[in-house]
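A.B. asks: predicted model, plus sequence, below.
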Amino acid sequence: NAGVMQNPRHLVRRRGQEARLRCSPMKGHSHVYWYRQLPEEGLKFMVYLQKENIIDESGMPKERFSAEFPKEGPSILRIQQVVRGDSAAYFCASSLVRNEQFFGPGTRLTVL
Amino acid sequence: KNEVEQSPQNLTAQEGEFITINCSYSVGISALHWLQQHPGGGIVSLFMLSSGKKKHGRLIATINIQEKHSSLHITASHPRDSAVYICAVDGGSQGNLIFGKGTKLSVKP
């Protein structure tokens, strides 16, 4: 039973480019959460999705960031026109309804 | 004031020592989580608690709902326990977590 998978593990982008981060939840899990960990800071909630629905996006920056979790395929966190301040580790987690969340290994985004 | 406060921020211990990390929160919660983040960055869920006490190997987690406080204990600490330990609470109706800033533990041989 594979755990939560994220890819890529490391992503380098230049300012102004787009970043796409993927998260495949554990088998049977239909709830996905995205969290961001800025350098030297704690984890912060970004968005909570179920299949084809955004449930809570209260932690998402208002511009440039979007997330989806289609019926088929992984959840995608998309960052348009990246800036240096977007450099961080992005973690996703998956769960059954209100159960323990299982975290992926994270994607470390570096914006040059 | 953060909604989730951890103490200490940093902790250095000798191998074999008993370790306690504390977490206090100010919001109503349905569950509290203890997470471990290794130097490589990966996050492992250690415990999810809504009341009482849980034990897994050398790790023990307790929670006092009335006092809004939880503790993580490590018995017979080992250098491989060196990591950042993060307390997180599930306070909203949607299940997203609010995190403490973490406690960086270093266990010396």
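C.D. replies: Thanks, I have it. The structure displayed is predicted, hence computed values, not measured ones.

A.B. asks: enumerate the residues of chain B near chain A.
C.D. replies: Residues of chain B lying close to chain A (C-beta under 8 Å from any C-beta of the partner chain) are B:30-31, B:33, B:35, B:41-45, B:48, B:86, B:88, B:90, B:92, B:94-102. The way it works is simple: take the backbone N, C-alpha and C, and place the C-beta from them, glycine included.

A.B. asks: can I assume B:Ala76 is in contact with B:Gly16?
C.D. replies: Yes: at 5.8 Å, B:Ala76 and B:Gly16 qualify as touching, with contact defined as C-beta atoms under 8 Å.

A.B. asks: can you report how many residues neighbour B:Lys68?
C.D. replies: B:Lys68 has 17 neighbours, counted by other C-beta atoms under 10 Å in any protein chain shown.

A.B. asks: not counting sequence-adjacent ones, nearest residue to it?
C.D. replies: In this structure, B:Lys68 finds its nearest non-sequential neighbour in B:Tyr25, 5.2 Å apart by C-beta to C-beta, 6 or more residues apart in numbering or on different chains.

A.B. asks: that neighbour and B:Asp90 touch, don't they?
C.D. replies: No: in this structure B:Tyr25 lies outside contact range of B:Asp90 using C-beta under 8 Å: 10.5 Å.

A.B. asks: if we can go back for a sec, what subset of the residues of chain B next to chain A is buried?
C.D. replies: Buried subset of these (neighbour count, 16 or more other C-beta atoms under 10 Å in any protein chain shown): B:31, B:33, B:35, B:42-43, B:45, B:48, B:86, B:88, B:90, B:92, B:95-102.

A.B. asks: which of those residues fall in strands?
C.D. replies: Counting by DSSP state E, these place B:Ala31, B:His33, B:Leu35, B:Ile43, B:Ser45, B:Met48, B:Ile86, B:Ala88, B:Asp90, B:Leu97, B:Ile98, B:Phe99 in strands.

A.B. asks: leaving out the residues flanking it, which one is nearest to the first one?
C.D. replies: With sequence-adjacent residues excluded and distances taken as C-beta to C-beta, 6+ apart, B:Ala31 is closest to B:Asp90, at 4.3 Å.

A.B. asks: next up, the contacts around the one you found.
C.D. replies: A:Arg98, B:Ile29, B:Ser30, B:Ala31, B:Leu32, B:His33, B:Asn96, B:Leu97 (C-beta atoms under 8 Å, 6 or more residues apart in numbering or on different chains).

A.B. asks: give me the number of residues near A:Pro61?
C.D. replies: 13.

A.B. asks: tell me the SS of it?
C.D. replies: What DSSP: H, G, I helix; E, B strand; the rest coil gives for A:Pro61 is coil.

A.B. asks: which phi and psi does it have?
C.D. replies: With angles defined as degrees, to the nearest 10, A:Pro61 sits at phi -60, psi 150.

A.B. asks: what's the spacing between it and A:Glu40?
C.D. replies: 19 Å (C-beta to C-beta, to the nearest Å).

A.B. asks: now B:Val107
C.D. replies: 22 Å.

A.B. asks: quick one: which of these two has more around it?
C.D. replies: Per other C-beta under 10 Å, whichever of B:Val107 and A:Glu40 has more neighbours is B:Val107, with 20 against 6.
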